[in-house]
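K.L.:
mind looking at a prediction? Sequence and model below.
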Amino acid sequence: MNASPADVAASIAHLCDLFLLEDLDAQGWAFLYPDESEWESPDCDVMSERFLVVARREGYDGHLVRVDSVDEGPHWFTVITLPDHDGRVAVDWTARQFHNAGHPAPPIDPRSIACPLVFAWPGRYPLSVVSFGVQSAQPSVPQP
């Protein structure tokens, strides 16, 4: 049996809602960034690991992916495998950091970048302001 696109979207939304409820830094990325006057954003690998812990706790499989950009350096996000679904879904909690990528072009409004940024995997990273080359899956055993 294959899950419908609506079922996939609902599953990912549920995971993201759980993460937002329990992780103050996820709330910071979603609602405060780029204002870090009362909050300091953790790195993308940290956020990806934390989200993976929540997904695994809820019974989903997944892994971290590292991509590299000449201009922006390494970047990490989480890929979730959904039961009864042929594909995987990438979830990037820190994509808003690329609001000022693509220099010398002016920065874009970070709120115009979805948080989290969710896209089909494997697939192309959906932000045109940053270009990633090497993509590698990283086996991960997140720390509690």
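P.N.:
Done, it's in. Residues are numbered from 1 along each chain as shown.
K.L.:
in contact with the most centrally placed residue in the chain, which residues?
P.N.:
For the chain, the residue sitting closest to the mean C-alpha position, by Cα atoms, centre = their mean, is residue 92 at 1.0 Å. Counting by Cβ atoms under 8 Å, 6 or more residues apart in numbering, residue 92 touches 44, 48, 75, 77-78, 116-119. Heads up, the C-betas are built off the backbone N, CA and C, glycines and all.
K.L.:
inside helices: which ones of those residues?
P.N.:
44, 48 (DSSP state H).
K.L.:
mind putting the contacts of residue 92 into CSV with distance to residue 27, pLDDT and neighbour count?
P.N.:
Formatted as CSV, the contacts of residue 92 follow (distance: Cβ to Cβ, whole Å; pLDDT from 0 to 100; neighbours: other Cβ atoms under 10 Å):
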residue, distance to residue 27, pLDDT, neighbour count
44, 16, 94, 22
48, 16, 97, 28
75, 21, 92, 22
77, 18, 95, 26
78, 17, 96, 30
116, 12, 96, 25
117, 16, 94, 18
118, 17, 95, 21
119, 22, 93, 17
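K.L.:
which of the contacts of residue 92 sits closest to residue 96?
P.N.:
Lowest distance from residue 96 to the contacts of residue 92 (Cβ to Cβ) belongs to residue 117, with 8.2 Å.
K.L.:
for that closest one, name its beta-bridge partners.
P.N.:
On the basis of DSSP bridges, residue 117 is bridged to residue 92.
K.L.:
if anything else comes up later, I'll come back, but that's it for now.
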